[in-house]
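Asks: coords please:
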Amino acid sequence: MNRRKFLKNATLSTAGLAVGSTLISCAEDSKINKPVISTKATTSFPLVVATWDVKNATEAAYKVLEKGGNALDAVEAGCRIEEANEKGQSVGKGGLPDRDGNVTLDACIMDKNGNCGSVVYLQNVTHAISVARSVMENTPHVMLAGKGAEEYAYSIGLKKENLLTEASKKAWETWKIEAKYKPIINIENHDTIGMIAIDKNGDISGACTTSGLAYKMGGRVGDSPIIGAGLFVDNEIGGCVATGLGEEVVKTVGSFLVVELMRQGKTPQEACEEAIRRIVNKPNSNYKNFQVGYVAVNKKGETGSYGIHQWFSTTKYQDGVNENTQADFIIKA
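Replies: Reported below is the predicted structural model:
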């Protein structure tokens, strides 16, 4: 996975420099030290990328963009599709519950101006991503949690629903027989949908929503609603979203790292690969037993994705083509 590096070095070799010369030197140093990043598009817009095989979600987002809509509207629309998909069992209604049988949702969203909103441990409301957006746009806060988030959702007109479907309830009851807790690589007990869109104006927004780890401890929150971990967008540089075992993403502030590596000149692919390496190379890392994947896009529209293990995939909708592809990965057979 990728992480950013900052290096700044300024040296004055002569003590007797005139004030005017010093000011000129500082101005020149500032120009030298500021990264020069090309933002000239190398691909066509609009563009939507997302974690996993979510063609219905990317299609919904792309339709918004085709009609001239903005990237923020697009990512919200795309995420809402998966939140309403009861068969997915990893996002929104029908998500697998915690060990006490409660379906709890986490989500965040970020716009082109760096504004962001988030909800954690939200219950009884399907569209967590819309609540997160309203937190961003209509409150002085960035994050609302638990009952506070739920009451706020009702206040903006969202209805109360039972999110535990019969299918997810049966799965939970089967799990309770042995009650073993272990993340399973690439199985939807720790999944999410993360989405980045670039609209016709070249502006970037992102969103991330999940029901979190299945059978987690009550109150557990992963990376998905954490700005900088599960999602980060910098409209001058690009955006990144994460999926997999959230605890490991949080430990390396993964999505922020990827974007900052792109700021330093790495391609989205190089940045994702470096961020994965940061996890794998940590002392005593247990990386063979969990999955983390990143998908990123830069301001030019270049994309990249990378995972720890095989079978992490991404979906991209561009130029009328909605395509799911397997990401490269660090652990080879």
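Asks: the residue nearest the centre of the chain: what's it in contact with?
Replies: In the chain, the residue lying closest to the centroid (CA atoms, centre = their mean) is Val241, at 2.6 Å. Val241 sits next to 50-51, 194-196, 206, 208, 230-231, 255, 294-296 when contact means CB atoms under 8 Å, 6 or more residues apart in numbering. (C-beta placed from N, C-alpha, C; glycine too.)
Asks: next: Ile227.
Replies: Going by CB under 8 Å, 6+ apart, Ile227 touches Cys108, Met110, Cys116, Ser118, Val142.
Asks: go with 6 Å
Replies: Cys108, Cys116 (CB atoms under 6 Å, 6 or more residues apart in numbering).
Asks: for this structure, which segments count as strands?
Replies: 47-51, 105-110, 116-122, 143-145, 193-198, 204-210, 231-234, 238-244, 292-298, 303-307, 313-318, 321-326, 328-329 (DSSP state E).
Asks: can you put those in a markdown table and add mean pLDDT?
Replies: A markdown table is the format used below for these (pLDDT from 0 to 100):
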| stretch | mean pLDDT |
| --- | --- |
| strand 47-51 | 98 |
| strand 105-110 | 98 |
| strand 116-122 | 98 |
| strand 143-145 | 98 |
| strand 193-198 | 98 |
| strand 204-210 | 98 |
| strand 231-234 | 98 |
| strand 238-244 | 97 |
| strand 292-298 | 98 |
| strand 303-307 | 98 |
| strand 313-318 | 97 |
| strand 321-326 | 97 |
| strand 328-329 | 98 |
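Asks: quick one: these as TSV, columns for distance to Glu151 too.
Replies: Below are the strands of the chain laid out as TSV (distance: least, CB to CB, whole Å):
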stretch	distance to Glu151
strand 47-51	30
strand 105-110	15
strand 116-122	10
strand 143-145	9
strand 193-198	25
strand 204-210	19
strand 231-234	24
strand 238-244	28
strand 292-298	33
strand 303-307	38
strand 313-318	34
strand 321-326	38
strand 328-329	42
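Asks: compare those strands and give me the one nearest Lys160.
Replies: strand 116-122 (11.6 Å; CB to CB).
Asks: name the helices or strands packed onto that closest one?
Replies: strand 105-110, helix 128-138, strand 143-145, helix 146-155 (3 or more CB pairs under 6 Å, 6 or more residues apart in numbering; DSSP states H and E).
Asks: any chance of those in CSV, plus mean neighbour count and distance to Ser313?
Replies: Shown next, in CSV, are these (neighbours: other CB atoms under 10 Å; distance: least, CB to CB, whole Å):
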stretch, mean neighbour count, distance to Ser313
strand 105-110, 32, 21
helix 128-138, 24, 21
strand 143-145, 20, 29
helix 146-155, 16, 30
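Asks: those into a markdown table, with extra columns for distance to Tyr62?
Replies: Formatted as a markdown table, the helices and strands packed on strand 116-122 follow (distance: least, CB to CB, whole Å):
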| stretch | distance to Tyr62 |
| --- | --- |
| strand 105-110 | 18 |
| helix 128-138 | 17 |
| strand 143-145 | 29 |
| helix 146-155 | 27 |
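Asks: among these, which is nearest Ile81?
Replies: Nearest to Ile81, of the helices and strands packed on strand 116-122 and by CB to CB, is helix 128-138 at 10.2 Å.
Asks: what is that closest one packed up against?
Replies: helix 71-83, strand 105-110, strand 116-122, strand 204-210.
Asks: try 7 Å this time
Replies: Judged by 3 or more CB pairs under 7 Å, 6 or more residues apart in numbering; DSSP states H and E, the packing partners of helix 128-138 are helix 71-83, strand 105-110, strand 116-122, helix 146-155, strand 204-210.
Asks: would you list the ones you listed in a markdown table and tack on distance to Ala271?
Replies: A markdown table is the format used below for the helices and strands packed on helix 128-138 (distance: least, CB to CB, whole Å):
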| stretch | distance to Ala271 |
| --- | --- |
| helix 71-83 | 20 |
| strand 105-110 | 17 |
| strand 116-122 | 20 |
| helix 146-155 | 32 |
| strand 204-210 | 15 |
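Asks: bridged to the residue nearest to Arg133 when sequence neighbours are not counted, which residues?
Replies: Leaving out its chain neighbours, the residue that sits closest to Arg133 by CB to CB, 6 or more residues apart in numbering is Ile109, at 5.0 Å. Counting by DSSP bridges, Ile109 is bridged to Gly117, Ala207.
Asks: please state the offset of stretch 45-56 from the chain centre?
Replies: 13 Å (CA atoms, centre = their mean, to the nearest Å).
Asks: count of neighbours near the nearest residue to Thr192 once chain neighbours are set aside?
Replies: Counting by CB to CB, 6+ apart, Thr210 is the residue found nearest to Thr192 once chain neighbours are left out, at 3.5 Å. Residues near Thr210, counting by other CB atoms under 10 Å, number 30.
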